[in-house]
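Chemist: coords below, sequence missing:
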């Protein structure tokens, strides 16, 4: 049977459209099995192995109870809302988790060669940090309009940056071409920001942190909200949280102008967006990763699509209520949670991810002034 994508029963549209979709648990047996057979996918055991790598270099990203969110959502006192804030990592986002595990897993291949990757900025700084820990050279391809703070962070860890014109990349393909050229001409090892089992497993360590904290406090999980783009963050967390809380609803969140995951679920195949557009610069992948797609298909309960205007409102809300300055990609899951378009019925706690906080001062002020 083919899995269906249907609107949730309590769906209520905004003036500017927010869409929440529910994915049934039925799978297309032929497509799913062929994909699983062709690819070796990341597993929960891989996440467990990655944990020892991550702990050598990083402290746990904080899991913060949000009393303002509990009040805004009108939850009973028995249910808590938690913010998993990856802005506290040395690179300012979750990307350093997957980057560390990738470099560790590929040490033999890398040897004395350079490492290269394309990134909107957060994987760039995460990979640069990881390469510095292992004494490797990093050459990162970034869009010319990336936030200044992402350039600064990446360079601060010793990486070399080369830029491309993102406005024309859908025509030129410069992003992928430049990375492949560096790999070929400079004998560099190419890393994927999301479509790699070691990256997925490293990201999943954050899910282990969430599960360990909740179980240690004798809490349960009913809902988990997380941004989705290439899918590396959500796929890793899905592996961890499905083990600890198999009945929890995992909700993917993406921008309205870059909703390739929602379209992929609707068509039951990975859908490419030629020119994704959003203020969420960290969520502008053209499609979901090949290795992430099977994990997401079997794990994700629903997908919420959020317009940029609501993400801006969430950025201001988080700043006013918690004093946290987040980048748009980091705030989008909280925007979805505040949207009232998600069915939050249940008895457990809710965890929402702030995936990163790397935004320039002037751009942050501009975004929160608009709302």
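Modeler: Received the coordinates, thanks. The structure presented is a predicted model; accordingly, all values stated were derived computationally and were not measured.
Chemist: now do the buried residues in the helix ranked longest in the chain.
Modeler: Taking DSSP state H as the criterion, the chain has its longest helix at helix 197-216. Judged by neighbour count using 16 or more other Cβ atoms under 10 Å, the buried positions of helix 197-216 are 197-211, 213-214. Quick note: C-beta positions are derived from backbone N, CA and C, even for glycine.
Chemist: and if you look at stretch 233-241?
Modeler: Neighbour-count burial for stretch 233-241 flags 233, 234, 235, 236, 237, 238, 239, 240, 241 (criterion: 16+ other Cβ under 10 Å).
Chemist: and the angle from the strand or helix carrying the third one to helix 197-216?
Modeler: It refers to residue 235. Remark: residue 235 resides in helix 232-244, with elements defined by DSSP states H and E. If you take axes from the mean of the first three to the mean of the last three Cα atoms, to 10 degrees, helix 232-244 sits at 40 degrees to helix 197-216.
Chemist: check which element follows helix 232-244 along the chain.
Modeler: Counting by DSSP H and E, what follows helix 232-244 is strand 249-255.
Chemist: what pLDDT, on average, does that following strand get?
Modeler: Averaged over strand 249-255, pLDDT sits at 97.
Chemist: low pLDDT regions in this protein?
Modeler: Low-confidence segments of the chain (pLDDT under 70): 1-38.
Chemist: center of it, which residue is that?
Modeler: Geometric centre of the chain, nearest residue: residue 233, 3.9 Å, by Cα atoms, centre = their mean.
Chemist: surely it meets residue 226?
Modeler: Yes: shown here, residue 233 and residue 226 form a contact pair, counting by Cβ atoms under 8 Å, at 6.2 Å.
Chemist: joint contacts of those two?
Modeler: Common contact partners of residue 233 and residue 226 (Cβ atoms under 8 Å, 6 or more residues apart in numbering): 353, 355.
Chemist: residue 162 versus the residue lying farthest from the centre of the chain, what's the distance?
Modeler: Here the centre of the chain is the reference, and by Cα atoms, centre = their mean the most remote residue is residue 185, at 30.9 Å. The spacing between residue 185 and residue 162, counted by Cβ to Cβ, to the nearest Å, is 12 Å.
Chemist: what of residue 225?
Modeler: 35 Å.
Chemist: looking at these two, which one has more neighbours?
Modeler: A count of neighbours by other Cβ atoms under 10 Å puts residue 225 above the other of residue 225 and residue 162, at 26 against 14.
Chemist: partners of the more buried one in the sheet?
Modeler: On the basis of DSSP bridges, residue 225 is bridged to residue 251, residue 352.
Chemist: show me what contacts it?
Modeler: Contacts of residue 225 (Cβ under 8 Å, 6+ apart): 251, 253, 304, 333, 334, 336, 337, 342, 350, 351, 352, 353.
Chemist: mind redoing it with 10 Å?
Modeler: Counting by Cβ atoms under 10 Å, 6 or more residues apart in numbering, residue 225 touches 81, 84, 234, 249-253, 302, 304, 332-337, 342, 344, 350-353.
Chemist: next one: residue 181
Modeler: 116, 141, 162, 174, 188.
Chemist: so where do the strands sit in the stretch 251-371 of the chain?
Modeler: For the stretch 251-371 of the chain, applying DSSP state E, counting those that start in this stretch gives strands covering 302-306, 349-354.
Chemist: same question, the stretch 101-250 of the chain
Modeler: 115-118, 138-143, 160-164, 189-190, 221-227, 249-255.
Chemist: can you list these in a markdown table and add distance to residue 281?
Modeler: A markdown table is the format used below for the strands of the stretch 101-250 of the chain (distance: least, Cβ to Cβ, whole Å):
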| stretch | distance to residue 281 |
| --- | --- |
| strand 115-118 | 13 |
| strand 138-143 | 8 |
| strand 160-164 | 14 |
| strand 189-190 | 22 |
| strand 221-227 | 12 |
| strand 249-255 | 10 |
